[in-house]
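Colleague: Sequence first, predicted coordinates after that:
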Amino acid sequence: MLDVESSQRVERGPSTVPGTEDLVINMGPQHPSTHGVLRVILKMDGETVTDVDCDIGYLHRGTEKIGENITYTMFIPYTDRLDYIAAPSSNLAWVQTVESLFDWEIPPRALFIRSMVAELSRIASHLLWLATHALDIGAMTVFLWCFREREMVLDLFERAFGARLTVNAFRLGGLFQDVPQEFLDDTRAFIEIFPSRIDDYETLLTENRIWLQRTQGVGVISAEDAMDLALTGPILRSTGVQWDLRRAKPYAAYPFLDFVVPVGENGDVYDRYLVRVEEMRQSTRIIEQCLDMLPDGPVSCKTPRTIKPPAGEVYHSIENPKGEFGFYLVSDGTETPYRVRIRPPSFINLAGLKKLSVGGLLADVIAIIGSIDIVLGECDR
Amino acid sequence: MIAEIIAATLKIVLVLGVVSLVVAYLTYLERKIIGHIQMRLGPMRVGWHGLLQPIADGLKLFLKEDIIPSRADKIVFVIAPIMVLVPAFVVYSVLPFGPNFYITQVNVGLFLVLAVSSLGVFGIVMAGWASNSKYSLLGALRGAAQMLSYEIFLGFALIGPLMLAGSLNLQNIVQAQSDVWFVFYQPLAFIVFFIAALAETNRVPFDLPEAETELVAGFHTEYSGMKFAFFFLAEYANIMAVSTVGIAVFFGGWKGIPGIPLPGLVWYLLKLGAIIFVFIWIRATLPRYRYDQLMRIGWKFMFPLVIANIFLTGLVKLLFL
């Protein structure tokens, strides 16, 4: 274990060659491919990585403590800023956690819109991941192509909720108001062209020899190790474990929807890539079904003016694009939560970085960080 | 005598001026082409369709603060960019741009190009070492290993065509291709040459010494202002020089396709444009190789290939010519 505080005078471990020292590289918090303000301290023997330590917390804003001081409704915009790449997913996790303390009947139209928007956010998140991951490995064009489609998704969010990134999409008991018809039309137009755009990205990467050499057999983790480290999301599924909370513990409209949970075989960077690309296709299918099955009716149930859940505790989690995103909530029967604890997928998945990258080369660490798909907003909270 | 000196000086100034300008506009071309491949426009604001962008960039770099890190080795730090830039321009002294448009002819012209251009790697190592930064050091180490290795394949790939031409003088090599371009006799050599050229000029997919997403900016991480511009200019000057060598050795230099009367210089520029377009196209398409993979391709794939090519060329020459 490296000493985080004194990486300058870190104890130099024995190197393979006598009379030499390992090189300690301080990657981040300002580095082009640490995806935000992650700091990774690498101990290297030449280009080979011998030890990895993550230093997080540069984006810590005390979100959990803030949650104890404001009402349940007021906390929804704060969840936008956890996983800001897929803000509606964070909203959904919080809203459903609070709702599970009540016995409200959420109208079906709201459930379907929630699922649809959550899948749109999954597409937006995976597009940002694919863009930056490909850029990390040097494929520049994929970056701009992905951003072109992500822009379309953000425009859809703006049309429905008035904001692009921090959308504050859902309310306790349903939605704030119904989405406009133009949103539904534009969403249908988007899912019609999107599959061909995924084909475009795959043309550049999936069978590209350099891409295969850079990703296959890199950052391999077994299913047992992944489960021991509590990794979730595409990383776990890339090892062959079919664990998706949309299936395992269905919420919102997912019980009514037909979709495949893609899994990989080898648990390497390439399988994570394939799993996420396939998830984008499945998300498109889910959105299409939501549009087809969208029932009419109200979008919110009757909720009291002040939300005072009965005293008790609950843990509820959903399948965020990055993995299992959950809230542990303790209510003491007042207007504000007694305790809000966030289960961030990035934080826990990032703990696997050392396991994945020791023994690889410097360039592999970059590919592995990209393949974990972290967002520091929820990692640091 | 004096007239000759003046004429030579004028030629040098002309070639250097034109080369510097073309190199500056290569950056513009690259940004425009990559922009359009990526469904955007590239520079559009400075001048008509951003045509003055390279000049604005140059001015900006010229006016920027020149930072020397306090713990850097100052003398080496200052010399390094010059060490990179000077060889990049010196090679233009023997390159043939047209039948009568060149600075000088040397009997060992091609040898001089290889010898001088290999000096650039010293500048890169010096820059990485003098910066006293770990990213720069790693970039310089990668640069040294990569450029020294690929120098060998670049040189060996040129031996096949040389055996056919029987001369090291670049003008003679061009003349030897009056009938058929050497690329048709030596396709293997050209492929190896092109891959080695990509690696020599640190271009994608071999841009490891400055791999932005790994090493921030590699060996020139700590450089700013004009010193950075020197590295930048040298990179593009190298691309143009290596393309010119490739054109002269494999594509008949300034010689055109018979039947289409165009001046030699125009033919040269057309071929240059085509080759540089491929350079840029590759950059927009491919990801980056890893360090160990780069070395493996070089020594285990390209090295046997060039040796086999030289052997085959010799055999064919001995038996049939």
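Modeller: Noted; the coordinates are in hand. Keep in mind the model is a prediction, meaning the values are calculated, not measured.

Colleague: Pull up the gap between the closest residue to residue A:266 other than its chain neighbours and residue A:231, please.
Modeller: Spatial nearest neighbour of residue A:266, excluding adjacent residues (CB to CB, 6 or more residues apart in numbering or on different chains): residue A:220 at 6.4 Å. Quick note: C-beta positions are derived from backbone N, CA and C, even for glycine. The spacing between residue A:220 and residue A:231, counted by CB to CB, to the nearest Å, is 13 Å.

Colleague: So between the two, which is more surrounded?
Modeller: The neighbour count for residue A:220 versus residue A:231, taken as other CB atoms under 10 Å in any protein chain shown, is higher for residue A:231 (29 against 19).

Colleague: Would you mind confirming that that one is in contact with residue A:219?
Modeller: No - counting by CB atoms under 8 Å, residue A:231 does not reach residue A:219; the two are 11.8 Å apart.

Colleague: roughly how far apart are residue B:15 and residue B:265?
Modeller: Distance from residue B:15 to residue B:265, by CB to CB: 12 Å.

Colleague: Which parts of the chain are strands?
Modeller: As the question left the chain open, I've gone with chain A. A:23-27, A:39-45, A:48-55, A:170-171, A:174-175, A:312-320, A:323-331, A:339-343 (DSSP state E).

Colleague: The chain in question should be chain B.
Modeller: Going by DSSP E, chain B shows no strands.

Colleague: okay, and the helix or strand of it with the least pLDDT?
Modeller: Least confident element among the helices and strands of chain B, by mean pLDDT, DSSP states H and E: helix B:212-215 (a mean of 68).

Colleague: Can you point out the buried residues in stretch A:150-165?
Modeller: For stretch A:150-165, burial by neighbour count (16 or more other CB atoms under 10 Å in any protein chain shown) applies to A:150, A:152, A:153, A:154, A:156, A:157, A:159, A:160, A:161, A:164.

Colleague: Can you name the residues of chain B that neighbour chain A?
Modeller: Contact residues, chain B versus chain A (CB under 8 Å from any CB of the partner chain): B:34, B:37-40, B:134-135, B:138, B:142, B:204-205, B:207-208, B:211-214, B:216, B:283-293.

Colleague: Filter the residues you listed down to just the buried residues.
Modeller: Buried among those by 16+ other CB under 10 Å: B:34, B:37-38, B:134-135, B:138, B:142, B:204-205, B:207-208, B:211-214, B:216, B:283-291, B:293.

Colleague: So which of the residues you listed sit within helices?
Modeller: Among these, the members falling in helices (DSSP state H) are B:34, B:37, B:134-135, B:138, B:142, B:212-214, B:283-285, B:291, B:293.

Colleague: Return the residues in contact with the residue of chain B most remote from its centre.
Modeller: Taking CA atoms, centre = their mean, the residue of chain B most remote from its mean C-alpha position is residue B:319, at 35.6 Å. For residue B:319, no residue counts as a contact, taking CB atoms under 8 Å, 6 or more residues apart in numbering or on different chains as the criterion.

Colleague: and the gap between it and residue B:313?
Modeller: Distance from residue B:319 to residue B:313, by CB to CB: 11 Å.

Colleague: I'd assumed residue B:275 was in contact with residue B:190.
Modeller: No - look at residue B:190 against residue B:275 with CB under 8 Å: they stay out of range, at 10.9 Å.

Colleague: shared neighbours of those two, anything?
Modeller: Counting by CB under 8 Å, 6+ apart, the contacts common to residue B:190 and residue B:275 are residue B:246.

Colleague: Where does pLDDT dip in chain A?
Modeller: A:1-19 (pLDDT under 70).

Colleague: Those residues of it touching chain B, which are they?
Modeller: Residues of chain A found near chain B (CB under 8 Å from any CB) are A:23, A:25-26, A:31-33, A:47, A:134-141, A:143-145, A:148, A:204-205, A:208, A:210-211, A:213-214, A:361-364, A:366.

Colleague: Quick check: nearest residue in space to residue B:137, chain neighbours excluded?
Modeller: residue B:128 (5.2 Å).

Colleague: which residues touch residue B:23?
Modeller: Counting by CB under 8 Å, 6+ apart, residue B:23 has contacts B:233, B:236, B:237, B:240.

Colleague: Out of those residues, name the ones that lie in helices.
Modeller: B:233, B:236, B:237, B:240.

Colleague: measure the residue lying closest to the first one once chain neighbours are set aside to residue A:364 for me?
Modeller: Okay, so that is residue B:233. Nearest non-adjacent residue to residue B:233, counting by CB to CB, 6+ apart: residue B:23, 5.7 Å away. From residue B:23 across to residue A:364, the span is 35 Å (CB to CB).

Colleague: got the contact list for the residue in chain B positioned nearest to chain A?
Modeller: Going by CB to the nearest CB, chain A is nearest to residue B:288 of chain B, at 2.9 Å. By CB under 8 Å, 6+ apart, the contact list for residue B:288 reads A:137, A:138, A:210, A:214, A:363, B:204, B:205, B:206, B:207, B:208, B:211.

Colleague: Out of those, the closest to residue A:113 would be?
Modeller: residue A:137 (36.3 Å; CB to CB).

Colleague: Test my guess that that closest one contacts residue A:213.
Modeller: No - proximity of residue A:137 to residue A:213 does not meet the contact threshold set by CB under 8 Å, at 10.2 Å.
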